[in-house]
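# Sequence and computational prediction follow.
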Amino acid sequence: MKVRKAVITAGGWGTRFLPLTKSQPKEMLPLIDKPIIQYAVAEAIGSGIEQIILVTALGKNAIEDYFDRSFELEYLLEQKGETKLLKRMRALANMADICYIRQKEQRGLGHAILTTRELVGEEPCAVLLPDDVIDSKTPALKQMLKVYEEHKSNVIAVERISRQDTVSYGIIEPEPLADRLYRVLSLVEKPEPDDAPSDLGIVGRYILTPEIFAALKVTPPGKKGEIQITDALQLLLGRQEVLAYEFEGIRHDAGTPLGWLKANLALALKHPEIGPELKEYLSGLL
Ligand code: G1P
């Protein structure tokens, strides 16, 4: 069955960005000229996804307004003859078919995904964590969908990370299958470096079969007392194959202030309009 739906999780508090995130969703922080969340939506759409299920929470209304249509703004831009901007605003509002569901308790990523059970239904779905912004020629999710089409198994994105960083990622125990492709033998959420089964860290892109929901339902709270998707996948392993794919592209972690700043710089330096001047400015600072 074709993967038509993508879940994008945006229900977390963003405590790493406090105080800023006290009154503003972190997903709306800008990466150059667009909010972080738009990169995940664009990746999903660019990968052929037809419907997006966005998990939000209290205080996240700005996300819904952003992807909505604003007749007032369009009227204003029309009056001012700002046709280029007007076109951009309309394209943004038409960018994706998005439905929203609220995560009413902060019980972790697994719980956020479980919230979408009825909306996803009995079909495979993709999951994108917007903090992970992936800069690649072919959208990372599209690369993974190709693997899914061939194997019809769960597929998770991985990349090599440094050993001391295992405490920040889900880590897989891999069995190499083909170029960039592994069978997952086990997976563990945020282990200490000495306990990590490899240096392949999970990146926030997943393609999941509908059975994941039954697994999530019985997954007990794990790391940080939260329901972890990594633990649910480990439960699923007994019954289903889970593959890991080392995607081509550069991942930026926009989920921390420093990571967000780095992502802005890396993307801005590549930007045709602002890149050259920024480069000059930065070299003057050093
Ligand atoms: C989540 C997952 C983790 C994964 C990471 C990727 O953790 O639980 O397995 O490696 O995303 O960004 P978080 O960063 O939300 O704590």
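Arrived safely, thanks for sending.

# any residues touching the longest helix that the chain contains, and which ones?
In the chain, taking DSSP state H as the definition, the longest helix is helix 257-270. Identification of contacts with helix 257-270 by C-beta atoms under 8 Å, 6 or more residues apart in numbering yields 16-17, 29-32, 36, 133, 135, 250, 252-254, 274-275, 278-279, 282. For glycine as for every other residue, the C-beta is placed from the backbone atoms N, C-alpha and C.

# Mind doing that once more with 6 Å?
By C-beta atoms under 6 Å, 6 or more residues apart in numbering, the residues outside helix 257-270 that reach it are 31-32, 133, 252-254, 274-275, 278-279.

# ok, which residues in the stretch 51-200 of the chain are in contact with the ligand?
Within the stretch 51-200 of the chain, the positions adjacent to the ligand are 109, 129, 131-132, 169-170, 189 by C-beta under 6 Å from any ligand atom.

# quick one: buried residues of the longest helix of the chain?
Neighbour-count burial for helix 257-270 flags 259-260, 263-264, 267-268 (criterion: 16 or more other C-beta atoms under 10 Å).

# All the strands of the stretch 101-250 of the chain, in order from the start?
Secondary structure of the stretch 101-250 of the chain (DSSP state E, counting those that start in this stretch): strands at 125-128, 132-135, 154-160, 170-178, 181-189, 200-208, 242-246, 250-253.

# bridging residues for the residue nearest to Asp165 when sequence neighbours are not counted?
Nearest residue to Asp165 in three dimensions, chain neighbours excluded: Gly201, at 7.0 Å (C-beta to C-beta, 6 or more residues apart in numbering). Here Gly201 sits in beta bridges with Glu159, Ile171, as judged by DSSP bridges.

# Local confidence estimate at Gly201?
Among the per-residue scores, Gly201 holds a pLDDT of 98.

# Contacts only, for it.
Counting by C-beta under 6 Å, 6+ apart, Gly201 touches 161, 169, 171.

# Whichever of the residues you listed end up buried, select them in ChimeraX.
In ChimeraX syntax, the buried subset of these is picked out as below (16+ other C-beta under 10 Å):
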select :161,169,171
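
# from the contacts of Gly201, which single one is nearest Thr115?
Set against Thr115, the nearest of the contacts of Gly201 by C-beta to C-beta is Tyr169 (22.9 Å).

# Going along the chain, name the helices of the chain.
Under DSSP H, the chain gives helices at 36-46, 61-67, 71-79, 83-93, 109-114, 117-120, 140-151, 212-217, 229-236, 257-270, 275-285.

# So which bits of the last one are buried?
Right, helix 275-285. Buried residues in helix 275-285 (16+ other C-beta under 10 Å): Leu278.

# Kindly calculate the angle that that helix makes with helix 257-270.
Orientation check (axes from the mean of the first three to the mean of the last three C-alpha atoms, to 10 degrees): helix 275-285 against helix 257-270 gives 120 degrees.
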